[in-house]
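In: sequence and computational prediction follow.
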Amino acid sequence: MSDDWREVRLPQIRSARSEDSDALSAIAGDAKADWHYSAEDLARWSAELTVTPQSIESRPTFVAEVDGQVAGFAQLGPTPGRIELEHLWVRPAFMRRGIGRALLQRAVREASRLGHVALQIDADPYAEPFYLACGARRCGELPAPIRGDSRRVRPQLVLSLAAT
């Protein structure tokens, strides 16, 4: 097989295990850093980007593997009456290969199986185009200023599960 970066290899999606927590946290941090946020902002978001063994055990969490390497993951955050995409991160070396879309599709199937009709997404501004391309729509925004961008917002999106 070619090592051409454009070659699409479909990921194997599996349930996460508690021992995956450090690797998944590293992927989240690396993916967020790939958007060129400052070290100060990344440090401020560290807790939000950390995946614990407890969260893996208590929330639906899926890992995408490509050729035996962990390429990304998704985690759902069910709450009474709604479900949110808590995490969806792809290791930068694996971005733009369909892995994020495969993880989102798996998360949608799980949310539907749990009886939900919509998936809530609190998106990073850089991720919004991906989610919109996958059928989500913007339903609001939250102020999320950072140094150098006092007008930054986090798009609030909803993905109808009936349409997927």
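Out: All right, it came through fine.
In: could you pull out the helices for the chain?
Out: 21-33, 39-44, 46-49, 53-58, 99-113, 128-133 (DSSP state H).
In: and the contacts of the last one?
Out: Helix 128-133 is contacted by residues 100, 104, 121, 123, 138, 155, 157, 159 when judged by C-beta atoms under 8 Å, 6 or more residues apart in numbering. Any C-beta I mention is one placed from the backbone N, CA and C, and that applies to glycine too.
In: list the buried ones in it?
Out: Burial within helix 128-133, assessed by neighbour count using 16 or more other C-beta atoms under 10 Å, is assigned to 128, 130-131.
In: and that helix, C-alpha only, in PDB?
Out: Taking Å, rounded to 0.1, in the frame of the first residue of the first chain, the C-alpha atoms of helix 128-133 are listed here in PDB:
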ATOM      1  CA  GLU A 128     -17.800  24.600  12.600                       C
ATOM      2  CA  PRO A 129     -17.300  24.200   8.800                       C
ATOM      3  CA  PHE A 130     -16.800  20.400   9.300                       C
ATOM      4  CA  TYR A 131     -20.000  20.100  11.400                       C
ATOM      5  CA  LEU A 132     -22.000  22.200   8.900                       C
ATOM      6  CA  ALA A 133     -20.700  20.000   6.000                       C
END
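In: start at 879, not 1
Out: In the new count, where the first residue is 879, that last one comes out as helix 1006-1011.
In: what mean pLDDT does that helix have?
Out: For helix 1006-1011, the mean per-residue pLDDT is 97.
In: how far is that helix from where the chain is centred?
Out: Distance of helix 1006-1011 from the chain centroid (C-alpha atoms, centre = their mean, to the nearest Å) equals 12 Å.
In: now swap in the first one and tell me
Out: Centre-to-centre, helix 899-911 and its host chain are 11 Å apart (C-alpha atoms, centre = their mean).
In: now the shortest one
Out: Mean-position distance between helix 924-927 and its chain equals 13 Å (C-alpha atoms, centre = their mean).
In: against which helices or strands is that helix packed?
Out: helix 899-911 (3 or more C-beta pairs under 8 Å, 6 or more residues apart in numbering; DSSP states H and E).
In: with the longest one instead?
Out: Applying 3+ C-beta pairs under 8 Å, 6+ apart, one finds that helix 977-991 contacts strand 890-893, strand 939-944, strand 947-957, strand 960-968, strand 996-1000.
In: which parts of the first one are buried?
Out: Residues of strand 890-893 classed as buried under the neighbour-count rule (16+ other C-beta under 10 Å) are I891.
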